[in-house]
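Undergrad: coords please:
(2 chains)
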Amino acid sequence: MTAVLDISHLHVFFDVYHALDDVTLSVGRSESFGLVGESGSGKSTLLRAVAGLAPVSSGDITCDGEAITGAHRSRAFFRKVQMVFQDPYGSLHPRQTVDRQLLEPLAVHGIGDAEPRIRRALDEVGLGPSFRFRYPHQMSGGQRQRVAIARALILEPKILLLDEPTSALDASVQAEVLNLLEQVRRDHGLTFVMVSHDLGVVTHLCERLAVMQHGRVVETLTAADLASSRVRDDYTRHLMTASRGFSR
Amino acid sequence: MSALLTVDNLKVQYPTRSGLIEAVRGVSFTLGRERLGIVGESGSGKSQTGRAIMGLTTPQAIVTADRLDFQGMDLLKASPRERRALRGKRIAMVLQDPKYSLNPVMTIGRQIVETLRTHESVSKAEARRRALAMLEAVQIRDPERVFGLYPHEVSGGMGQRAMIAMMLICDPEMLIADEPTSALDVTVQLEVLGILDRLVATRGMGLIFVSHDLRLVSSFCDRVLVMYAGKVVEELRASELSQARHPYTRGLLDCVPKIGESRHPLPVLDRKPEWAA
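TA: Numbering: from 1, shown residues only, chains lettered A, B, ... in the order given. The predicted model follows:
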């Protein structure tokens, strides 16, 4: 397995708070990798550190052969790596139409033939051409998340960073978006790194996952291991019991 | 079982420029001293049902019912003053996110004391003593310290416990919990549910648990109402969830990915117009 994303000994501090403590992991090409943990465990920070949105104080990130230092990311990096955020209400510009939002990444990267690309991107996420000139408030949460995914895909990236992409959605809409993510991953041979607090969602979409607690990776295991309870760490076991629901 | 609350044909309507929006369209149920779950997706009217019972619907809405009876009292005919006396004292409500439902500029202790002193004439010292005892009952380890903290200084789980303490301090007969644990981590979620469960059981309260999570609700409640488009489409004993008959209930159960299952792609809900009829 060739690694497309390599993270070694990564540390992130917010003032004195040690948000990521010596995190090392590697994600293979076309693999889907999950990050689970409670809020404050550093799972989102790890994703944001890769994207250049969190201050890395030490450690190395290598992305598709390109070594990344500090907060700077090359333009080529952003063509390879795109991110989808949790809240589709917050991540789309409220006063721009879908068309305008999809045009933005193309304009930034100087990519031509916007017209067919936008139409193709919308088609791919299952939104008809009628959605093209709508504003975010004219769409449902699931439709907005589809637009966010289309915006990420329009640059034809290799890696998609997904930060809780379905946790703001209803269960039935979540299923639709998960199916869509799986479909685009198959069609484009994408690599996924997905953060979620829901073990069911992670084991559904990811082949491997890392369990995080207090800024550290406590265990890395395959989804199959998790499904058959072959876990080493107590905290992982605790998360598994909790995800089964309430019992008296 | 004597009914604590009887709801018959409850409707909540919002007049808008483009016509009347019907958020709740004829919901009927009775609640005894039991745990009743109301489940549905966003827009199904589950929260509006809870709010209408509590009397918290916005003034421009039209709330009607053939009967809305709480222990012999007609809630729709009650004056605002009577409803205020009821709220927090005999009917209490726990809201979703303690970050937004607690007063940010008042310490947790003062908020709990305020609830108590609004409804009962007790001395300051007595109120403080009871607030501390209540914080201890929701398993806060160091109640003295938490009493003096502001909501932003505590975690989500701790804030939600404080909220429960505030709601239960007057010993209400009925508690409406609107997504009480959706903003919390799974592990914390279960702790908070455990606390709620124990308090509801020992105090003999009636509980209405409103949530979008069908599995969680059925593991917690005795009975579940499934709502779709403002109506109850199915009523189930929680233990008989697997025998749910309505396609919407079945669809909701099926579309959630579970550990150790391989279903690619996931089944999605095929919404039929007749469900909303």
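
Undergrad: Longest helix of chain A, counting residues only.
TA: The residue-count maximum for a helix in chain A (DSSP state H) belongs to helix A:171-188.

Undergrad: just how off-centre is the following helix or strand past that one within its chain?
TA: Once helix A:171-188 ends, the next helix or strand along the chain (criterion: DSSP states H and E) is strand A:191-195. Between the centre of strand A:191-195 and the centre of its chain there are 5 Å (CA atoms, centre = their mean, to the nearest Å).

Undergrad: and what of stretch A:3-22?
TA: On the basis of CA atoms, centre = their mean, stretch A:3-22 sits 17 Å off its chain's mean C-alpha point.

Undergrad: tell me which parts of chain B are close to chain A?
TA: B:41-42, B:156, B:185-190, B:193-194, B:197, B:212-216, B:219-220, B:251-252, B:255-261, B:263-269 (CB under 8 Å from any CB of the partner chain). All C-beta atoms are positioned from the backbone trio N, CA, C, and that covers glycine.

Undergrad: Could you identify the buried members of the residues you listed?
TA: B:41, B:156, B:185-190, B:193, B:197, B:212-216, B:219-220, B:251-252, B:255-259, B:266, B:268-269 (16 or more other CB atoms under 10 Å in any protein chain shown).

Undergrad: circling back to that earlier point, so which elements touch the longest helix of chain A?
TA: helix A:141-153, helix A:199-205, helix B:247-254 (3 or more CB pairs under 8 Å, 6 or more residues apart in numbering or on different chains; DSSP states H and E).

Undergrad: Residues contacting the shortest one, please?
TA: Spelled out, that is helix A:199-205. A:32, A:34, A:36, A:166, A:174, A:178, A:181-182, A:192, A:194, A:196, A:209, A:223, A:226-227, A:239-240, A:243, B:256-261, B:263, B:266 (CB atoms under 8 Å, 6 or more residues apart in numbering or on different chains).

Undergrad: for chain B, longest helix please?
TA: Per DSSP H, chain B has its longest helix at helix B:186-203.

Undergrad: Just the element for residue B:207, please.
TA: With DSSP H and E as criterion, residue B:207 is part of strand B:206-211.

Undergrad: Please, where are all the helices along the stretch 51-200 of chain B?
TA: Using DSSP state H, counting those that start in this stretch, the helices of the stretch 51-200 of chain B run over B:80-86, B:98-101, B:108-119, B:124-137, B:143-147, B:156-168, B:186-203.

Undergrad: chain center to the second one: distance?
TA: It refers to helix B:98-101. 15 Å.

Undergrad: then stretch B:237-256 to PDB, C-alphas only?
TA: Extracted in PDB, the C-alpha atoms of stretch B:237-256 (Å, rounded to 0.1, in the frame of the first residue of the first chain):
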ATOM      1  CA  ARG B 237     -44.400  -0.500  22.600                       C
ATOM      2  CA  ALA B 238     -40.700   0.200  22.700                       C
ATOM      3  CA  SER B 239     -40.000  -3.500  23.100                       C
ATOM      4  CA  GLU B 240     -41.900  -4.300  19.900                       C
ATOM      5  CA  LEU B 241     -39.900  -1.900  17.800                       C
ATOM      6  CA  SER B 242     -38.700  -4.800  15.500                       C
ATOM      7  CA  GLN B 243     -42.400  -5.500  14.700                       C
ATOM      8  CA  ALA B 244     -43.000  -1.900  13.400                       C
ATOM      9  CA  ARG B 245     -45.400  -2.000  10.500                       C
ATOM     10  CA  HIS B 246     -45.500   1.500   9.100                       C
ATOM     11  CA  PRO B 247     -43.000   1.800   6.100                       C
ATOM     12  CA  TYR B 248     -41.800   5.100   7.500                       C
ATOM     13  CA  THR B 249     -40.800   3.500  10.800                       C
ATOM     14  CA  ARG B 250     -39.200   0.600   9.100                       C
ATOM     15  CA  GLY B 251     -37.300   2.900   6.700                       C
ATOM     16  CA  LEU B 252     -36.000   5.000   9.700                       C
ATOM     17  CA  LEU B 253     -34.800   1.800  11.300                       C
ATOM     18  CA  ASP B 254     -33.200   0.500   8.200                       C
ATOM     19  CA  CYS B 255     -31.300   3.600   6.900                       C
ATOM     20  CA  VAL B 256     -29.000   3.800   9.900                       C
END
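
Undergrad: tell me the average confidence for that stretch?
TA: For stretch B:237-256, mean pLDDT rounds to 89.

Undergrad: Name the residue closest to the centre of chain B, please.
TA: Nearest to the mean C-alpha position of chain B, by CA atoms, centre = their mean, lies residue B:177 at 1.9 Å.

Undergrad: Next one: that one from residue B:192, what distance?
TA: According to CB to CB, to the nearest Å, residue B:177 stands 10 Å off from residue B:192.

Undergrad: now swap in residue A:106 and tell me
TA: Applying CB to CB to residue A:106 and residue B:192 gives a distance of 46 Å.

Undergrad: Compare these two (neighbour count), which wins?
TA: residue B:192 (23 against 18; other CB atoms under 10 Å in any protein chain shown).

Undergrad: residues contacting the more buried one?
TA: Applying CB under 8 Å, 6+ apart, the residues contacting residue B:192 are B:157, B:160, B:161, B:164, B:180, B:181, B:184.

Undergrad: of those, the lowest pLDDT goes to which?
TA: residue B:184 (81).

Undergrad: Next, that residue: phi, psi?
TA: Backbone torsions of residue B:184, given as degrees, to the nearest 10, read phi -110, psi 160.

Undergrad: and it, what does it touch?
TA: Residue B:184 sits next to B:156, B:157, B:160, B:192 when contact means CB under 8 Å, 6+ apart.

Undergrad: again, 10 Å this time
TA: Applying CB atoms under 10 Å, 6 or more residues apart in numbering or on different chains to residue B:184 gives the contacts A:38-39, A:197, B:96-98, B:155-157, B:159-160, B:190-193.

Undergrad: What of residue B:171?
TA: B:89, B:90, B:92, B:119, B:120, B:203, B:204, B:205.

Undergrad: Residue B:114 is in contact with the fifth one, correct?
TA: Okay, so that is residue B:120. No: with contact defined as CB atoms under 10 Å, residue B:120 does not reach residue B:114; the gap is 11.7 Å.

Undergrad: what do those two both touch?
TA: With CB under 10 Å, 6+ apart as the test, residue B:120 and residue B:114 both reach residue B:127.

Undergrad: how about stretch B:208-228 as CSV, C-alpha atoms only?
TA: Output of stretch B:208-228 as CSV, limited to C-alpha atoms (Å, rounded to 0.1, in the frame of the first residue of the first chain):
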residue,chain,number,x,y,z
ILE,B,208,-42.2,12.9,27.2
PHE,B,209,-38.9,12.3,25.4
VAL,B,210,-38.7,14.0,22.0
SER,B,211,-35.9,12.9,19.8
HIS,B,212,-34.9,12.1,16.2
ASP,B,213,-33.1,8.9,17.2
LEU,B,214,-35.5,6.0,17.1
ARG,B,215,-33.2,3.5,18.5
LEU,B,216,-32.1,5.6,21.4
VAL,B,217,-35.7,6.4,22.3
SER,B,218,-36.9,2.8,22.1
SER,B,219,-34.1,1.7,24.4
PHE,B,220,-35.1,4.4,26.9
CYS,B,221,-38.9,4.7,26.8
ASP,B,222,-41.9,2.4,27.4
ARG,B,223,-43.9,3.6,24.5
VAL,B,224,-43.0,5.4,21.2
LEU,B,225,-45.0,7.6,18.9
VAL,B,226,-43.6,8.0,15.4
MET,B,227,-44.5,11.3,13.8
TYR,B,228,-44.4,12.2,10.1
